[in-house]
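Participant: Sequence first, then the predicted structure, then my questions.
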There are 2 protein chains.
Amino acid sequence: MERSKVLAALGALAHETRLDLIRLLIPLGVAGMPAGRIAQALGLAAPRLSFHLAALEQAGLLRSRKEARNVIYSVDTSGLGQTISYLLNDCCSDHPEVLAACSHGRVARTGGCGAAGPSPDPQGGAGLAVWGTVKT
Amino acid sequence: MERSKVLAALGALAHETRLDLIRLLIPLGVAGMPAGRIAQALGLAAPRLSFHLAALEQAGLLRSRKEARNVIYSVDTSGLGQTISYLLNDCCSDHPEVLAACSHGRVARTGGCGAAGPSPDPQGGAGLAVWGTVKT
DNA sequence: AGGTTATTTCAACGCTTCTTGAATAGTTGA
DNA sequence: TCAACTATTCAAGAAGCGTTGAAATAACCT
């Protein structure tokens, strides 16, 4: 993934409203949600929502399609995945501690990894393996 | 991890200079690098570097310590990991497609996460590779 | 065709962030 | 103590981003 696109995606994500947008849309998958209902769910004015929707779409994090008179938005899982992948590859490839901290949050949000000591998580591998237990 | 901290970390990451900083510092681990040498490596003016260093440190992505008359900066692997973890948890937990896209860039470098712990993970580097075995 | 609903575009305003240069504080070594 | 070096803080200006309200475009239903 291009660096500039990652920067754009990160910038798009670094905003409360837009993060809320992603959070709202993610569980809906490709089904997505029409803009009007999003505005209603998030309590946003239409122009403001449109602005953020456009920002996310341009950053490659959202997709839109027209259905009847509605515009349905859904998250671009590929773009989101590639963005995180860039972070993982570019920043963490040689640093298992980051992956360990990463997996901690996933297995349990105990916050115990705040120490960030040089000692890696003994169960680090197991933690990551859990990610594999996704639906088939 | 708190939402506001994630937002701050994402915002800090969404900047070319600061992403360069992370990339430069990551392979150095806890050893880090003194501010002066960072400025030299990146070709930045001292005040400008100090500004971005402070931004990253406040976002929980960098740590600093004094050594002699130098200030050594190193990345906070825990903070970085937790930030990515939030993204993964918050946005992708139920969406294996994101993880799949995520692993694409990573599978090529297999073995990277095998070092997640002193004792090698039974599944070895397959931990992340598992992401690829998601639904089609 | 007319009315209604849905969404986007436009322009203006305010605010935060970024950059730059000079000045300041702190530390080391003679 | 003095001189040299490192890094940060301060203040100013410029640039970009986000919000708001009104208007415009497009598609549907009667």
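Facilitator: Great, that's in hand.
Participant: all contacts plus neighbour counts: C-alpha atoms, from now on.
Facilitator: Fine.
Participant: Surely A:Ala46 touches A:Gly36?
Facilitator: Yes - using C-alpha atoms under 8 Å, A:Ala46 makes contact with A:Gly36 at a distance of 7.4 Å.
Participant: okay, the two: which has more neighbours?
Facilitator: The residue with more neighbours, out of A:Ala46 and A:Gly36, is A:Gly36; 16 against 13, by other C-alpha atoms under 10 Å in any protein chain shown.
Participant: per-domain residue ranges of chain A.
Facilitator: The domain map for chain A lists A:3-78, A:94-136, with the assignment taken from automatic domain parsing.
Participant: averaging pLDDT over each of those, which comes out lowest?
Facilitator: The stretch with the lowest mean pLDDT among the domains of chain A is domain A:94-136, at a mean of 47.
Participant: which element is the residue nearest to A:Ala31 when sequence neighbours are not counted on?
Facilitator: By the measure of C-alpha to C-alpha, 6 or more residues apart in numbering or on different chains, the closest residue to A:Ala31 outside its immediate chain neighbours is A:Ser74, 6.7 Å from it. Following DSSP states H and E, one finds A:Ser74 within strand A:70-75.
Participant: following that strand, which helix or strand comes up?
Facilitator: Toward the C-terminus, strand A:70-75 is succeeded by helix A:77-92 as the next helix or strand (DSSP H and E).
Participant: Wondering if that following helix reaches chain B at all.
Facilitator: Yes - residues of helix A:77-92 contacting chain B under C-alpha under 8 Å from any C-alpha of the partner chain: A:77-92.
Participant: contacting residues around stretch A:57-66?
Facilitator: Contacts with stretch A:57-66, where a contact means C-alpha atoms under 8 Å, 6 or more residues apart in numbering or on different chains, come from A:5, A:8-9, A:12, A:53, A:56, A:71-77, A:79-80.
Participant: and of the residues you listed, the nearest to DNA strand D?
Facilitator: A:Ala12 (6.8 Å; C-alpha to the nearest atom of the strand).
Participant: Tell me the spacing between the residue nearest to A:Ala31 and A:Ala35.
Facilitator: 10 Å (C-alpha to C-alpha, to the nearest Å).
Participant: ok, those two, which is more surrounded?
Facilitator: Using other C-alpha under 10 Å, the more surrounded residue of A:Ser74 and A:Ala35 is A:Ser74, with 25 against 18.
Participant: Does that one touch A:Val30 like I think?
Facilitator: Yes - if you go by C-alpha under 8 Å, A:Ser74 and A:Val30 touch, sitting 5.5 Å apart.
Participant: Is stretch A:75-82 in proximity to DNA strand C?
Facilitator: No - counting by C-alpha under 7 Å from any atom of the strand, DNA strand C has no neighbours in stretch A:75-82; the shortest distance is 13.8 Å.
Participant: Pull the distance from that stretch to the chain's centre.
Facilitator: Put simply, stretch A:75-82 sits 8 Å off its chain's centre (C-alpha atoms, centre = their mean, to the nearest Å).
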